[in-house]
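K.L.:
Sequence and predicted structure, then a few things I'm wondering about:
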Amino acid sequence: MAEEILLTKEGYDKIVAEHEDLVAVRRAEVAEKLKEAIAQGDISENADYDAAKNEQAELEERIHKLENMIRKAKIIDEEELAGDLVTVGLTVKVQDVDTKEEEEFTIVGSTEADPFEGKISNESLVGKALLGNKAGDEVMVEVPDGNITYKILEIMKK
């Protein structure tokens, strides 16, 4: 079977919305650019035509990638998660044991990861280390700069 892509409902909806926009709106825009470039005449040395063809190829590649993600998606339903162990779809509040600094991470599939929004992949070093642990556990994470030990303070559904 094809490899599943873990997604939260929110992440799945974003992918579907992007796909719909690319198919319904962007395809027509690129087709119009191509039509205008062809109308200019000789396409063998037409930079606008070449740019439009490249844009079309990139657009179709992205559409194909999104369709593949939608087909392979396994949606994580937060309502079905127990919330007692760290798993994909849950938010974890942790404290660095050394610095006492607190952070919150939402564990998501790799396609949804966005560290700037606090969404970390289940395949990342921190994500992998936190998975399967419960509140109160201390977890050592091996990172390139050394080791970080986190104490899991709380596991929450969003």
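P.N.:
Okay, I see it.
K.L.:
Next, residue 151: secondary structure please.
P.N.:
When classified by DSSP: H, G, I helix; E, B strand; the rest coil, residue 151 comes out as strand.
K.L.:
Which parts of the protein are helices?
P.N.:
9-21, 27-39, 47-72, 125-130 (DSSP state H).
K.L.:
Comparing these, which comes out most buried?
P.N.:
helix 125-130 (a mean of 19; mean count of other CB atoms under 10 Å). In this view, the C-beta of every residue, glycine as well, is placed from N, C-alpha and C.
K.L.:
Could I have the CA atoms of it written out in CSV?
P.N.:
Taking Å, rounded to 0.1, in the frame of the first residue of the first chain, the C-alpha atoms of helix 125-130 are listed here in CSV:
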residue,chain,number,x,y,z
LEU,A,125,14.1,14.9,16.4
VAL,A,126,11.9,16.6,19.1
GLY,A,127,8.6,15.2,17.7
LYS,A,128,10.0,11.6,17.6
ALA,A,129,11.3,11.9,21.1
LEU,A,130,8.0,13.2,22.5
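K.L.:
Ramachandran angles for the closest residue to residue 132 other than its chain neighbours?
P.N.:
Of all residues not flanking residue 132 in the chain, residue 85 sits nearest, at 5.7 Å (CB to CB, 6 or more residues apart in numbering). With angles defined as degrees, to the nearest 10, residue 85 sits at phi -120, psi 150.
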